[in-house]
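Student: Fold the following, please.
(chains A and B)
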Amino acid sequence: MEVITKMDELLIVENLSKKFVLKKHKMPWQKKKYVHVLNGIDFSIKKGETLGLVGESGCGKSTTAKIIMDIYSPTKGSIVYNTKNLTSLKGKERKKIRRNVQYVFQDPMGALNPRIRIIEQIYEPLTIHYGRNPREYYRKAVELLESVGMKESHGKMYPHQLSGGQRQRVVLARAMILEPEILICDEPISALDVSIQSQVVNLLMKIREERGITLLFISHDLSMVRHLCDTTAVMYMGNIVEYGRNEVLFGNPMHPYTKSLINAIPIPDPRIKRAEVILEGEVPSLLNPPTGCRFHPRCPVARPECSVKQPELKTLPDGRKAACLILEEEEDNE
Amino acid sequence: MAANQNDELLLEIKNLSVGFNGAHEGKPVVCGVSLKVHTGEILGLVGESGSGKSVTCYSIVRLLGERGWTEGEVLFDNKDTLSCPEGDIVAIRGREIAMIFQDAQSFLNPVQSVGSQLMEALMLKKNLKIRSSNIFRKEAVKLLTEVGIPDPERRMGEFPHQLSGGQNQRVMIAIMLAGDPRLLIADEPTTALDVTIQAQILRLLKKLCKERDMAIILVTHDLGVIAETCDRTVVMYGGRVMESGPVEDVLVKPRHPYTFGLLSSKPRIDKKVEKLITIEGVVPAPENFPKGCPFYDRCINVTEECRDISPPCIIEGERHFFCFNPVKEGLIWK
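Tutor: Residues are numbered from 1 along each chain as shown, chains lettered A, B, ... in the order given. The predicted structure is shown next:
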């Protein structure tokens, strides 16, 4: 494994926590209740690499992305981008640095304005950041539109005239127009048909190659994450449970949650018969999280101590990180 | 396992065409579909959105009502459900043939407890004269236990919003089992669920199929689900059947270029794929369906006659497919 140095890392997320107030409009003397959505997560992305964030719904993947995008502010922790702490920036400086981080949402119809022509939506970010200059912007927007596999004539259309895959291409083109360094994709392909998914993913890979862009790819589709990403972080109830290079993580998953998650994904080949290890139960409510390891009520190999002590993310010999008491113990025995 | 010839034929669809009144320029959305379902087997209906899989299912029990027109025959127990009197279809619907849907939350009544909805279904479907709720209550608890809901006695008094998505799905299955159906149509039952819950629901469906000797038509767009759950599969595109046959044949050695493309456009969890093969273009709208094969403009093996002439049905053992220029025999994808 290569030695990870802090120098070439573009984005470092440290001890990121987020809690939401449960019920607003309470009487001032009543105690506020909180939901802890993220409990101190750490990860980093190197320049030009792709990090995949996976997990079941409600595990905090999108919240993480939204905090990086400054849509939510974190309760605790820091986000360091190019040696600058994003959480403490304000005003003009903040706007300047925000150009470099762009976001692609799951639902392209919700992300596009139904009443504005495609081409105008694509160059709107330029107007916001650099002032009005439509003639010059138009050329750039058309160029981008063509680079995502569409025609100039599509620019005159409105979002409802396009298909789902085309809309997602437009959203991608719009995100690229500011030439960002980081692109955050929040389930960009979940709403699309299978044959369209592969088109969009191939496009993402092409963009990544051509522009050397850094990607944060959020998805619940583990096979796609394996295909697209270099590193993957598996999340469960607001914690990262396993984090490592894709070859190690998918080649030999260590954490019981990662194992069962990978095992739950159906393989389109009837010849492959796998051991039926199906995870029992469901994700517990975040309002009333289990003590100790959050995963212990569903864990097939849980021990009594798992319900008491919360495991920490520790580095294993092969370079990956995992948060599991049982793995730690095995490590000590060896 | 693959259906034997001597298995009892339960449902036979012969040359079914379905269209919507006053939509799609009068063109059908399902065109000449034929398929067979035997007792005790799971048939997978797979295709992208707009391929007509759901419409085919709805027309089996005449759920389209006044909105649509149908042609052809749907023989259930040698009775044509398309042309039989309204009274007969009411007797079949929900009793002989039950249906579960993607969104359990909107299927269940939000202001009625789970128990009373179940008991209502039992009262209606079993035509019991007894008004003593005690008997129904016992039956209902038995059904909830059968679908794997923990602590069913307590769950009886709870409301849909108190249950999770996976549990609501189970409740819906329990309600549908109330009529002791011989055929269960499951329309994308796991699309909205997380992978670990999806695995649980699929296992439940397999168990029910075996224990109750019931046939299931499973509609999905995930070939992985087909491979792990079904005995036979029907691949649909553009309102027509492209390929059908035992899962071991269709998914391992696909002969139709569409099945082949679909299989190679999705990354795999169990191995690394270098580049995804994409099916270019988009699914056509019903008004643009050609006279010939609806897949002709996206097909890699397209020939001159594909556009204007419907491809012939080629029978190879138990497998059927419709193509002029099929994928070479014995070509195993990847």
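Student: For B:Q169, what are phi and psi?
Tutor: Main-chain dihedrals, B:Q169, degrees, to the nearest 10: phi -60, psi -40.
Student: Show residues contacting whichever helix or strand A:V37 is part of.
Tutor: For A:V37, the element it lies in under DSSP states H and E is strand A:34-46. For strand A:34-46, the external contacting residues (C-beta atoms under 8 Å, 6 or more residues apart in numbering or on different chains) are A:4, A:8-22, A:51, A:60, A:63-64, A:67, A:74, A:76-77, A:182, A:214, A:216, A:231, A:233, A:235, A:238-240, A:243, A:286-287, A:289, A:313. (Each C-beta comes from the backbone N, C-alpha and C, glycine too.)
Student: Settle this for me: B:T191 is touching B:T220, isn't it.
Tutor: Yes - under the criterion of C-beta atoms under 8 Å, B:T191 makes contact with B:T220 at 7.3 Å.
Student: Could you check which of those two has the larger neighbour count?
Tutor: Between B:T191 and B:T220, B:T220 has the larger neighbour count (other C-beta atoms under 10 Å in any protein chain shown), namely 25 against 14.
Student: who does that one bridge with?
Tutor: B:T220 forms beta bridges with B:V46, as assigned by DSSP bridges.
Student: What pLDDT is listed against it?
Tutor: If you check B:T220, the pLDDT there is 93.
Student: repeat for A:E2
Tutor: A:E2 carries a pLDDT value of 42.
Student: Just give me the neighbour total for residue 253.
Tutor: This is for chain A. 20.
Student: Can you look at chain B instead?
Tutor: Other residues within reach of B:K253, judged by other C-beta under 10 Å, total 19.
Student: Over to the one 3 residues further on?
Tutor: Other residues near B:H256 come to 28 when the count uses other C-beta under 10 Å.
Student: Hmm, it is touching B:H320, no?
Tutor: No - the pair B:H256 and B:H320 does not pass the contact test of C-beta under 8 Å, sitting 9.9 Å apart.
Student: And the residue nearest the centre of the chain?
Tutor: Let's take chain A. For chain A, the residue whose C-alpha lies nearest the mean C-alpha position (C-alpha atoms, centre = their mean) is A:I218; its distance is 3.1 Å.
Student: ah, I was thinking of chain B
Tutor: Centre-most residue of chain B, counting by C-alpha atoms, centre = their mean: B:V219, 2.8 Å.
Student: so where's chain B uncertain?
Tutor: When the per-residue scores of chain B are filtered using pLDDT under 70, the ranges that remain are B:1-6, B:127-132, B:329-334.
Student: Now do the helices in it.
Tutor: B:53-60, B:86-92, B:104-107, B:114-126, B:133-146, B:152-155, B:165-177, B:195-212, B:223-229, B:247-250, B:257-264 (DSSP state H).
Student: Nearest to A:K273, out of the ones you listed?
Tutor: Of all these, the one in closest proximity to A:K273, counting by C-beta to C-beta, is helix B:223-229 (9.3 Å).
Student: near chain A, anything from that closest one?
Tutor: Yes - using C-beta under 8 Å from any C-beta of the partner chain, a contact is recorded between helix B:223-229 and chain A, made by B:L223, B:G224, B:V225, B:I226, B:A227, B:E228, B:T229.
Student: from these, which is closest to chain A?
Tutor: Chain A lies nearest to B:G224 out of these, by C-beta to the nearest C-beta, at 3.0 Å.
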